[in-house]
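Engineer: 3D model of this:
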Amino acid sequence: MGKRRLKKKARTWMAVPFVVLFAVAAVTGFVIFNNIKRMEAMEASLAKTAATLDLKVDEDLFTVEYGANLDRLSPVQESTGKVSYYGVVNTLEPGVYDITYRVSARDEYGQRAWKDFPRQFTVKDTRAPEISFESEEIELTEGDDFDILSNLTKVTDPVEGNLSQSEELKDSSYTVVSDFDPSVPGEYTVTVKARDNHGNESESSYSVYVAEKPKPAVIETPAETPASSDYPYYIRINRALNTVTVYTQGDDGNYSVPYTAFVCSTGAATPLGTYRTFNKSYWRLLYGPCYGQYVTDIVGDILFHSVPYYTQDKGDLEFNEYNKLGTAASMGCIRLCVRDAMWIFNNCPIGTTVELYDDWDSPGPLGKPGSIWIDPDSPNRGWDPTDPDPENPW
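Structural biologist: Down below sits the predicted model:
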């Protein structure tokens, strides 16, 4: 009987490992089952989150101007997650560039889900060169000396800068075309065409009107005009050749001796005839608006004055107008350099006779004086080189 008990106890202890093993296996199976379920749930959550990811963009913003500063996120309007991107866009090289936007978000398990949205940027240079003129219309008289390039102020490309002139239109250049002939009265068109290095072209024109040379007027010469001690000088203006000649008294008692001569600029509204000066002012507001120095009134609103200034500042000269001295460039007044306008202002009292005439054959007995050319790039260009002011940098 004792042996039977021992055998029974032995069988009982032998069953324990199987029970433990079964229990471990059950627990392990439960853990594995739960892990599998969790992994499946996490995968489903990741897929679900990824499915919600979306991106809305403005397609128009994928076309970019050459040379522009580009923010590659600028086309993005809305997204359901955080947006990042990868891809290179060189705005200094026209072409098509691939870029990928990645929208990402965290799911309920903290996993990062993402979705890619491929797009393309197109870089184009669409801006044509810019052409500008000093004046849209130029009025000349038959025989006037005029360079059609002198009215051209700039031909530039927004990207390249200044373009160079060439005989035939090609990349990074401009051409000037016209049948202008200053010896033949008529209306002419000067056309400028420009092209940048990406094939963008522009074209602009201005007009040149050449009037017929007026016939000389039959006038009394100063030699037949008796001189007066109250007026030491007699002024004659050759409107045709833009020259002023000042006469003084000769031995014959008339204004018969040429004293000095000035180069000037008259205009289409400059009248013919003989007049007496009637007013003076140091500065005067002129049409433009602009300002003149050393002003002497001749007739109506026709004046002697300096080349115009933008303001009443001696350093604010319209230097481009100054370089037109000797040509018909005014609105009717007689433009002079400061030195010559000041001479008339200081030496010719009110009441001095001024005679305006046309003579295409001779500027006058003293000839036509030259004028000083102001370099447009000079830092001193705002000053009249003849102005005796001590502050004149010339």
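Engineer: can you give the domain ranges for the protein?
Structural biologist: 55-124, 130-211, 222-357 (automatic domain parsing).
Engineer: looks like K213 contacts P182 (just checking).
Structural biologist: No - look at K213 against P182 with Cβ atoms under 8 Å: they stay out of range, at 10.7 Å. Just so you know, the C-beta spots here come from the backbone N, C-alpha and C atoms, and that holds for glycine as well.
Engineer: where do the contact lists of those two overlap?
Structural biologist: By Cβ atoms under 8 Å, 6 or more residues apart in numbering, K213 and P182 have these common neighbours: E142, G143.
Engineer: thinking again about what came up before, looking at the domains of the chain, which is buried most?
Structural biologist: Highest mean neighbour count among those (mean count of other Cβ atoms under 10 Å): domain 222-357, with a mean of 19.
Engineer: any idea which element L285 lies in?
Structural biologist: Taking DSSP states H and E as the definition, L285 sits inside strand 279-286.
Engineer: what segments of this protein are helices?
Structural biologist: For the chain, the helices defined by DSSP state H cover 2-52, 319-322, 338-347.
Engineer: quick one: the last one to strand 279-286, angle?
Structural biologist: Between helix 338-347 and strand 279-286, the angle formed by their directions is 150 degrees, by axes from the mean of the first three to the mean of the last three Cα atoms, to 10 degrees.
Engineer: same for helix 338-347, what does it pack against?
Structural biologist: In terms of contacts (3 or more Cβ pairs under 8 Å, 6 or more residues apart in numbering; DSSP states H and E), helix 338-347 is packed against strand 257-263, strand 290-299, strand 302-306.
Engineer: in its sheet, which strands sit next to the shortest one, and in what direction?
Structural biologist: Read that as strand 302-306. Using DSSP bridges, strand 302-306 pairs in its sheet with strand 290-299 (antiparallel), strand 334-336 (parallel).
Engineer: between the ones you listed, which gets nearest to P379?
Structural biologist: strand 290-299 (21.1 Å; Cβ to Cβ).
Engineer: where does pLDDT dip in the stretch 101-250 of the chain?
Structural biologist: Of all residues in the stretch 101-250 of the chain, those with pLDDT under 70 make up the ranges 214-224.
Engineer: quick one: the strands in it?
Structural biologist: 112-124, 130-133, 137-141, 152-157, 161-162, 164-165, 173-177, 186-195, 201-211, 233-238, 243-248 (DSSP state E, counting those that start in this stretch).
Engineer: for the fifth one, packing partners?
Structural biologist: Okay, so that is strand 161-162. Contacts defined by 3+ Cβ pairs under 8 Å, 6+ apart place strand 161-162 against strand 152-157.
Engineer: quick check: neighbours of the strand it packs on in the sheet, parallel or antiparallel?
Structural biologist: Strand 152-157 has these strand partners (DSSP bridges): strand 130-133 (antiparallel), strand 161-162 (antiparallel).
Engineer: run the angle between it and strand 201-211 for me.
Structural biologist: Using the same axes, to 10 degrees: strand 152-157 against strand 201-211 is 170 degrees.
Engineer: could you dump strand 152-157 to PDB, C-alpha only?
Structural biologist: Provided in PDB are the C-alpha atoms of strand 152-157 (Å, rounded to 0.1, in the frame of the first residue of the first chain):
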ATOM      1  CA  LEU A 152      17.700 107.200 -77.000                       C
ATOM      2  CA  THR A 153      18.000 107.200 -73.200                       C
ATOM      3  CA  LYS A 154      18.200 103.400 -72.500                       C
ATOM      4  CA  VAL A 155      17.800  99.900 -73.800                       C
ATOM      5  CA  THR A 156      18.000  97.600 -70.900                       C
ATOM      6  CA  ASP A 157      16.800  94.100 -70.000                       C
END
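Engineer: tell me what angle it forms with strand 186-195.
Structural biologist: Using the same axes, to 10 degrees: strand 152-157 against strand 186-195 is 20 degrees.
Engineer: what's next to strand 152-157, contact-wise?
Structural biologist: Against strand 152-157 from outside (Cβ under 8 Å, 6+ apart): 127-134, 162-163, 165, 172, 174, 176, 192, 194, 196-197, 200.
Engineer: picking that back up, for the strands paired with strand 302-306, give me TSV that also has mean pLDDT and distance to T352.
Structural biologist: TSV is the format used below for the strands paired with strand 302-306 (pLDDT from 0 to 100; distance: least, Cβ to Cβ, whole Å):
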stretch	mean pLDDT	distance to T352
strand 290-299	96	8
strand 334-336	97	13
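Engineer: quick one on the thing from earlier: can you name every helix or strand that the strand holding L285 contacts?
Structural biologist: strand 290-299, strand 302-306.
Engineer: can you rerun that using 10 Å?
Structural biologist: Applying 3 or more Cβ pairs under 10 Å, 6 or more residues apart in numbering; DSSP states H and E, one finds that strand 279-286 contacts strand 290-299, strand 302-306, helix 338-347.
Engineer: now do it: distance to the chain's middle.
Structural biologist: Relative to its chain's centre, strand 279-286 lies at 34 Å (Cα atoms, centre = their mean, to the nearest Å).
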